[in-house]
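Trainee: Fold the following, please.
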Amino acid sequence: MFDDFYGLTGRPFQLTPDPAFYFESLTHRKALSYLGYGLAQGEGFIVVTGEVGAGKSTLVAHLMATIDRERLTAAQVVTSNLDGEELIHVVARAFGLDIDGHDKASALSAIEGFLHDEARSGRRCLLVVDESQNLSIEALEELRMLSNFQLGAHPLLQTLLLGQPEFRETLHGHPDLEQLRQRVIAAHHLEAMEQAELEPYVLHRLGQVGWSGNPSFDQRVFAELHAASGGIPRRINQIANRLLLLGAVEQRSRIDAAMLHAILAEMAGDSVFPAAAPQPMPRTAPADRRVDPAPVAPASGERRLAAVSQYGEAAPTAPAPPAFAGLDPALVESALAERDAQIAELQQAVIELASAPVEGAGSVGLEHVETLTARVASLEAQLFEQERTIRHTLTMLIEWIEADEPHRAAA
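Mentor: Numbers count the residues shown, from 1 in each chain. As a prediction, this is how the structure comes out:
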């Protein structure tokens with residue numbers, strides 16, 4: 001894949017949060033300041049909100065990697081639409097507690113006992129709740145009640161709430177959350193990165209995987225990438241992933257604005273697997289070639305098999321999605337070589353067409369011109385189909401990588 005082509009030690013624009021890639025933009029620096037202040041207080045709620053992909057989870061991953069485990073015990077939960085009782089059990093499991101009987105009272109008792117034990121051992125407890133916008137008002141009230149646990153005058157639990165912008169609106173405006181609002185001691189909304197921060201962000205992530213200048217980037221790429229992504233880190237990563245893969249497929253050592261435009265057009269006009277997909281590329285590999293399937297999650301496999309069937313091949317002989325994991329260079333080079341040959345043929349046809357009026361006259365010359373014109377049109381159509389096939393193959397590979405990323409991270 002592109003990491004091998006460019007000599008990188010890993011994938012710099014992975015979508016899974018990784019503290020190693022944390023980049024301290026202005027808005028993230030402010031968020032860390034609020035987090036530091038809030039944690040120093042040792043009580044109440046800290047709230048961090050931001051758009052989808054703004055970097056909330058990466059911020060927390062960075063926080064988790066830097067806290068002193070001897071002084072702070074942290075647990076993290078990612079919420080779905082939980083009611084109050086369900087949330088209590090999820091919190092108990094996050095702190096490693098097994099609840100006999102699975103009733104709310106037992107769970108609350110176990111959590112309180114655990115918090116007391118940690119306090120006696122000189123450790124404070126932090127609960128990080130991600131995707132807080134999914135919580136019901138009842139569940140948020142249960143979190144507030146957990147904040148009431150104390151040992152003497154010292155609170156036993158502090159909570160960090162992460163959520164999308166709608167959570168901030170809920171927290172600020174819902175009449176039943178007044179008591180929770182009064183316990184919020186620090187809050188910050190993650191904004192998009194500034195345009196001037198985008199180039200340092202991209203180069204920082206590349207630097208974490210051994211980038212040494214290959215590929216290089218036109219300056220226009222950074223400005224236009226910021227405009228296309230709105231400065232949202234996850235969107236930047238998605239586009240940058242495709243740019244590098246396109247660069248590797250086309251064997252480019254420099255990423256330019258034209259490549260970015262091609263990727264953006266592909267992403268804007270393609271719903272990953274279009275209804276009117278082109279025919280598959282001609283095969284050059286031996287008919288008896290087999291690729292051992294890589295382990296994938298069923299949902300990802302079904303989606304990839306559905307995509308292959310859309311490309312018009314029978315399941316037994318279709319290029320199974322795991323083949324993309326290896327990205328056979330021979331197949332890619334063959335497709336590119338065929339495209340180059342078509343370009344050369346098209347150029348020759350244009351030359352012949354330009355000289356045709358001089359070589360002949362009358363009806364014979366006109367017939368020759370019409371024949372060459374038809375030939376040029378046919379070659380242009382073939383070239384267009386070839387280019388579109390390569391683009392869609394690239395898109396399928398990106399979707400496979402993004403769909404399997406959580407499973408590789410978990411492994």
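Trainee: Residue 45 is in contact with residue 163, isn't it?
Mentor: No: Residue 45 is beyond contact range of residue 163, at 11.6 Å (criterion: C-beta atoms under 8 Å). All C-beta spots, glycine's among them, are computed from the backbone N, C-alpha and C.
Trainee: Now do the shared contacts for those two.
Mentor: When C-beta atoms under 8 Å, 6 or more residues apart in numbering defines a contact, no residue borders residue 45 and residue 163 alike.
Trainee: List the residues that contact the residue nearest to residue 174 when sequence neighbours are not counted.
Mentor: Spatially, and ignoring its direct neighbours in sequence, residue 174 is nearest to residue 137 (6.4 Å; C-beta to C-beta, 6 or more residues apart in numbering). Each residue near residue 137 by C-beta under 8 Å, 6+ apart is listed here: 174, 176, 177.
Trainee: And for residue 70?
Mentor: Contact analysis of residue 70 by C-beta under 8 Å, 6+ apart lists residue 123.
Trainee: Now it, what are its backbone angles?
Mentor: For residue 70, the backbone dihedrals are phi -80, psi -20 (criterion: degrees, to the nearest 10).
Trainee: ok, the residue nearest to residue 174 to residue 173 distance?
Mentor: Distance, residue 137 to residue 173, by C-beta to C-beta, to the nearest Å: 12 Å.
Trainee: ranges for the helices of the stretch 1-150 of the chain?
Mentor: Applying DSSP state H, counting those that start in this stretch to the stretch 1-150 of the chain gives helices spanning 2-5, 26-41, 56-66, 84-94, 104-120, 137-146.
Trainee: and of those helices, who's closest to residue 260?
Mentor: helix 2-5 (15.1 Å; C-beta to C-beta).
Trainee: tell me which residues of that closest one are tucked away?
Mentor: Residues 2, 3, 5 are the ones in helix 2-5 that count as buried (16 or more other C-beta atoms under 10 Å).
Trainee: Rebuild the contacts of residue 137 as JSON lines, extending it with secondary structure and pLDDT.
Mentor: JSON lines is the format used below for the contacts of residue 137 (DSSP: H, G, I helix; E, B strand; the rest coil; pLDDT from 0 to 100):
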{"residue": "174", "secondary structure": "coil", "pLDDT": "93"}
{"residue": "176", "secondary structure": "helix", "pLDDT": "93"}
{"residue": "177", "secondary structure": "helix", "pLDDT": "94"}
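Trainee: could you redo these as a markdown table and give each row neighbour count and distance to residue 204?
Mentor: Shown next, in a markdown table, are the contacts of residue 137 (neighbours: other C-beta atoms under 10 Å; distance: C-beta to C-beta, whole Å):
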| residue | neighbour count | distance to residue 204 |
| --- | --- | --- |
| 174 | 13 | 39 |
| 176 | 10 | 43 |
| 177 | 17 | 38 |
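Trainee: okay, and for the chain, where does confidence drop off?
Mentor: Applying pLDDT under 70 to the chain flags residues 1, 101, 270-411.
Trainee: same thing but at 50, please
Mentor: For the chain, the stretches flagged by pLDDT under 50 are 272-327, 358-364, 406-411.
Trainee: Disregarding residues adjacent in the polypeptide, which is nearest to residue 191?
Mentor: residue 27 (4.4 Å).
Trainee: Am I right that the one you found is in contact with residue 193?
Mentor: Yes: with contact defined as C-beta under 8 Å, residue 27 counts as touching residue 193 (7.2 Å).
Trainee: returning to what we had before: the helices of the stretch 1-150 of the chain: which one's closest to residue 257?
Mentor: Nearest of the helices of the stretch 1-150 of the chain to residue 257, taken as C-beta to C-beta: helix 2-5 at 18.7 Å.
Trainee: what are the C-alpha coordinates of that closest one, in CSV please?
Mentor: Output of helix 2-5 as CSV, limited to C-alpha atoms (Å, rounded to 0.1, in the frame of the first residue of the first chain):
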residue,chain,number,x,y,z
PHE,A,2,1.1,3.7,0.0
ASP,A,3,3.1,3.3,3.3
ASP,A,4,5.3,0.8,1.5
PHE,A,5,5.6,2.9,-1.6
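Trainee: name the helices or strands packed onto it?
Mentor: helix 233-249 (3 or more C-beta pairs under 8 Å, 6 or more residues apart in numbering; DSSP states H and E).
Trainee: Make a markdown table out of the helices of the stretch 1-150 of the chain and add distance to residue 219.
Mentor: A markdown table is the format used below for these (distance: least, C-beta to C-beta, whole Å):
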| stretch | distance to residue 219 |
| --- | --- |
| helix 2-5 | 21 |
| helix 26-41 | 21 |
| helix 56-66 | 26 |
| helix 84-94 | 46 |
| helix 104-120 | 52 |
| helix 137-146 | 46 |
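Trainee: Looking at the ones you listed, spot the one closest to residue 130.
Mentor: Comparing the helices of the stretch 1-150 of the chain by C-beta to C-beta, helix 56-66 comes nearest, at 6.5 Å.
Trainee: ok, now how distant is the residue nearest to residue 191 from residue 231?
Mentor: For residue 27 relative to residue 231 (C-beta to C-beta), the value is 9 Å.
Trainee: so what sits against both of the two?
Mentor: Common contact partners of residue 27 and residue 231 (C-beta under 8 Å, 6+ apart): 191, 192, 193.
Trainee: Where neighbours are concerned, which of those residues has the most?
Mentor: Greatest neighbour count in the shared contacts of residue 27 and residue 231, by other C-beta atoms under 10 Å, goes to residue 193: 24 neighbours.
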